[in-house]
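[1] please find the sequence and the predicted model below.
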Amino acid sequence: MDPKNSRFSTQISHLALDIGGTLIKLVYFSPNGDNCEGGSIVVGNGCSVVQGRLCFAKFETRKIDDCLDFIRFNILQHSGVQHTNGTARDKLSVKATGGGAFKFADLFKEKLGIVFDKEDEMHSLVCGVNFLLKTVPREAFTYLDGQKEFVQIDHNDLYPYLLVNIGSGVSMIKVDGDGKYERISGTSLGGGTFLGLGKLLTNCKSFDELLELSHQGNNRVIDMLVGDIYGGTDYSKIGLSSTAIASSFGKAISDGKELEDYQPEDVARSLLRMISNNIGQIAYLNALRFGLKRIFFGGFFIRGLEYTMDTISVAVHFWSRGEAKAMFLRHEGFLGALGAFTSYKDQSHSTELKPHHHTVERAVLKCSDDDSFRHTPVTANVNDGEAIEFRRLETTVATSPRILHRNQVYHSSFVEEEGITKACGCPLLPLKSHIKGPAPVSEQDRTDIVDEAITFFRANVFFTNFPIKSPADKLLIYLTFYINVALKRLEGCRTLAVGTKAIINLGLEDIPVPGETGFPFPGLFSLPSSQEEADLFRNYLKQVREETSGRLLSVAYRANGTPNKWWLAFAKRKFINVVLL
Ligand SMILES: Nc1ncnc2c1ncn2[C@@H]1O[C@H](COP(=O)(O)OP(=O)(O)O)[C@@H](O)[C@H]1O
Ligand SMILES: CC(C)(COP(=O)(O)O)[C@@H](O)C(=O)NCCC(=O)O
């Protein structure tokens, strides 16, 4: 087997996806932990075969292109494999669960060459929870009256329990053992309802914004309380205090107000309370049906939010008269993805996956008890040190993508110089280009230097040194610099049309050659020995720059003409400390 491919398959076997109705969750293994974009679990306790980190990332399903880019550039490319036109050359099998494993199978195959090995969603959720409860210390906790308490899980007394996964919708699963489970109920009033209705009612744009609003709101403004009906007194005969909610949003009936008259904060608060309360109640009723005392709540709806957990806990406590316990999980949102990830271990016939098997079996979480997160906004109530990493994940992955550092730059593969004309010591390499110029025409299905420059850009741009291994590397350096300049011009261009104009203007600028003012790398190329050589090199640079610009536009903007932040964020980089124009 080609060593490159074998390394690739080993790496990729360490990725699992859960593609849900709202979010895509990724879990991937990094042996050295240096390509974890977000939260992670440290794996290995000194006796495991492989040590490293389980890394987590999430994306909105509606922005699936971001996820594809993330995998392409942070996971596939990081494995050292080159891609042709952004697409992997080989088909790779990856564990995937959730509805999107079916819905987006063709897309992943077409765009990344990834074939999904599908795992059932409920099965993955259960595997994920069992894995966490058995291997990760301080994973489960209770949250009641502002008190968080970690729960010591006795592995011999884990079952039965009720798993309530609050995703877009809610699934309730009775778990009796490893692989022994039954989905006993569910409700369509879940995280999707909170976010969907919240958007309609408050005009907020995101889940975080809706949470932020709900933090500042007061549900009593809109919810009808028992006291509102009973003239301020409790209805003690049936155990309802005057402050209990009698009817969510009930005050809106008689307030004589329009939606605009209410503060969005109060609306968001009532909504969060309504959904959480309802789920807590249905969960309890199902626990009661089967005599289950322990209820674990998971899913990204919870997001470690005190108010949500408190409401759910109170509902369970209230209805069960303290008999049943609501418990939460620190990796609440990644249950399905973790479950799919652990299913690699079942493929014991695969030698490549063996180390991975051990890793998963012997995972040890080193969790920090750092509470500094409490001072951060929105997630101020998110649980503990591990959640800081999730917090970082949300901001880092969403706003500042990066290729994590390799030890070495990517070099050009064009080391063969035979038959290639040179100007100023630079090989005038063939291009897949219809643009007029001195470059020989390359076959369309072959990688050319522009492909290399674009593919390697987001890794190479981080280096302040670029050891030159061949003359083609000089051209690669020049183009990396040029892409950096072009991205700077695209910064702030909100549409492809505006970006195209900016790039056309860049193309109209003079192109200096070595020895002339403004040439970015004095000494990189030799000085032209004649005017003809200077003109030949200038014309080649013009052609290769224009070709690069065209291909850059097609990756820096999406098909719908909006900017691709995974590219434009790199405008801020400064390649080899060269000051950008
Ligand atoms: N950044 C976010 N963007 C959108 N929804 C979020 C976000 N964070 C938490 N949520 C909540 O989590 C829910 C999705 O939870 P998840 O467990 O990922 O379910 P699914 O598998 O259906 O996508 C959303 O409906 C929303 O209520
Ligand atoms: C269909 C689903 C399993 C999909 O999972 P999700 O993407 O919501 O995590 C879930 O949305 C669900 O269980 N909905 C509730 C359906 C019901 O029991 O009424």
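    Cool, got the structure. Remember, it's a predicted structure, so these values are computed and weren't measured experimentally. Ligands and ions are numbered 1, 2, ... in the order given.
[2] ok, the residue of the chain found nearest ligand 1 - how many residues close by?
    For the chain and ligand 1, the shortest gap (C-beta to the nearest ligand atom) falls at Gly20, measuring 1.8 Å. Just so you know, the C-beta spots here come from the backbone N, C-alpha and C atoms, and that holds for glycine as well. Per other C-beta atoms under 10 Å, the neighbour tally for Gly20 reads 27.
[3] who in this protein is up against ligand 1?
    20-23, 60, 98, 167-168, 191-192, 194-195, 207, 299-301, 303, 333 (C-beta under 6 Å from any ligand atom).
[4] how about the residue nearest to the residue of the chain closest to ligand 1 when sequence neighbours are not counted, what does it touch?
    Distances taken as C-beta to C-beta, 6 or more residues apart in numbering place Gly98 nearest to Gly20, at 4.7 Å, with adjacent residues excluded. The neighbourhood of Gly98, defined by C-beta atoms under 8 Å, 6 or more residues apart in numbering, consists of 17-20, 24, 121, 124, 336.
[5] what residues of stretch 290-307 count as buried?
    292, 294-305, 307 (16 or more other C-beta atoms under 10 Å).
[6] of those residues, which belong to strands?
    Cross-referencing the buried residues of stretch 290-307 against strands under DSSP state E gives 294-298.
[7] now, which of these sits nearest ligand 2?
    Of these, the one sitting nearest to ligand 2 (C-beta to the nearest ligand atom) turns out to be Gly298, at 9.9 Å.
[8] ok, the closest one touching Ala337?
    No: contact between Gly298 and Ala337 fails when scored by C-beta atoms under 8 Å: they sit 11.4 Å apart.
[9] quick one: average pLDDT of the helix or strand encompassing Thr455?
    Element membership for Thr455, per DSSP states H and E: helix 449-460. The pLDDT scores in helix 449-460 average 89.
[10] same question, stretch 300-317
    For stretch 300-317, mean pLDDT rounds to 94.
[11] quickly check: that stretch near ligand 2 or not.
    No: applying C-beta under 6 Å from any ligand atom, one finds stretch 300-317 out of contact with ligand 2, separated by at least 8.6 Å.
[12] next secondary structure element downstream of the lowest-mean-pLDDT helix or strand in the chain?
    None of the helices or strands of the chain scores lower by mean pLDDT, DSSP states H and E than helix 385-399, at a mean of 24. Where DSSP H and E defines the elements, the next helix or strand beyond helix 385-399 is strand 422-423.
[13] partner strands of that next one, parallel or antiparallel?
    For strand 422-423, the paired strands and their directions (DSSP bridges) read strand 426-427 (antiparallel).
[14] what residues does the strand it pairs with touch?
    Against strand 426-427 from outside (C-beta under 8 Å, 6+ apart): 414, 417, 420-421, 471-472, 474-475, 478, 525, 537, 540.
[15] please identify the residues of this structure in proximity to ligand 2?
    Contact residues, the chain versus ligand 2 (C-beta under 6 Å from any ligand atom): 20-21, 98-99, 121, 167-171, 186-188.
[16] which among these count as buried?
    Here, 16+ other C-beta under 10 Å leaves 20, 98, 121, 167-171, 186-187 buried among the residues of the chain next to ligand 2.
[17] please name the residues that touch Phe481.
    520-521, 575-576, 578.
[18] redo the contacts of Gly98 as a markdown table? Include pLDDT and secondary structure.
    As requested, those are exported to a markdown table (pLDDT from 0 to 100; DSSP: H, G, I helix; E, B strand; the rest coil):
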| residue | pLDDT | secondary structure |
| --- | --- | --- |
| Leu17 | 97 | strand |
| Asp18 | 98 | strand |
| Ile19 | 98 | strand |
| Gly20 | 98 | coil |
| Ile24 | 97 | strand |
| Glu121 | 98 | helix |
| Ser124 | 98 | helix |
| Gly336 | 98 | helix |
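[19] flag the least confident of the contacts of strand 426-427.
    Ranking the contacts of strand 426-427 by pLDDT, Glu417 lands last with 74.
[20] about what we covered before: you'd agree the residue of the chain closest to ligand 1 is up against Ser168?
    Yes: if you go by C-beta under 8 Å, Gly20 and Ser168 touch, sitting 6.2 Å apart.
[21] break the chain down into its structural domains.
    Domains of the chain are assigned by the TED database as 11-34+42-80+90-120+384-398, 140-222+262-329, 422-569.
[22] remind me which residues of this protein are low pLDDT?
    For the chain, the stretches flagged by pLDDT under 70 are 1-13, 31-52, 77-90, 345-407, 577-581.
[23] so how far is the helix holding Thr455 from its chain's centroid?
    In terms of C-alpha atoms, centre = their mean, to the nearest Å, the centre of helix 449-460 is set 23 Å apart from its chain centre.
[24] in that helix, which residues are buried?
    Within helix 449-460, the residues that count as buried by 16+ other C-beta under 10 Å are 449-460.
[25] about what we covered before: what residues are up against the residue of the chain closest to ligand 1?
    61, 98-100, 167-168, 336.
[26] same question, Thr548
    With C-beta under 8 Å, 6+ apart, Thr548 has these contacts: 450, 453-454, 479, 482-483, 486.
[27] output the contacting helices and strands for the helix or strand where Asp117 lies.
    Using DSSP H and E, Asp117 maps to strand 114-118. The contact analysis (3 or more C-beta pairs under 8 Å, 6 or more residues apart in numbering; DSSP states H and E) places strand 114-118 against strand 92-97, helix 100-103, helix 105-112.
[28] try it again with 7 Å
    Counting contacts by 3 or more C-beta pairs under 7 Å, 6 or more residues apart in numbering; DSSP states H and E, strand 114-118 is packed against strand 92-97, helix 105-112.
[29] redo the contacts of strand 426-427 as JSON lines? Include distance to Ala287 and neighbour count.
    Listed next are the contacts of strand 426-427 as JSON lines, based on distance: C-beta to C-beta, whole Å; neighbours: other C-beta atoms under 10 Å:
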{"residue": "Phe414", "distance to Ala287": "65", "neighbour count": "20"}
{"residue": "Glu417", "distance to Ala287": "73", "neighbour count": "12"}
{"residue": "Ile420", "distance to Ala287": "73", "neighbour count": "15"}
{"residue": "Thr421", "distance to Ala287": "77", "neighbour count": "13"}
{"residue": "Pro471", "distance to Ala287": "71", "neighbour count": "19"}
{"residue": "Ala472", "distance to Ala287": "66", "neighbour count": "22"}
{"residue": "Lys474", "distance to Ala287": "68", "neighbour count": "19"}
{"residue": "Leu475", "distance to Ala287": "66", "neighbour count": "25"}
{"residue": "Tyr478", "distance to Ala287": "66", "neighbour count": "22"}
{"residue": "Phe525", "distance to Ala287": "73", "neighbour count": "23"}
{"residue": "Phe537", "distance to Ala287": "76", "neighbour count": "22"}
{"residue": "Tyr540", "distance to Ala287": "72", "neighbour count": "24"}
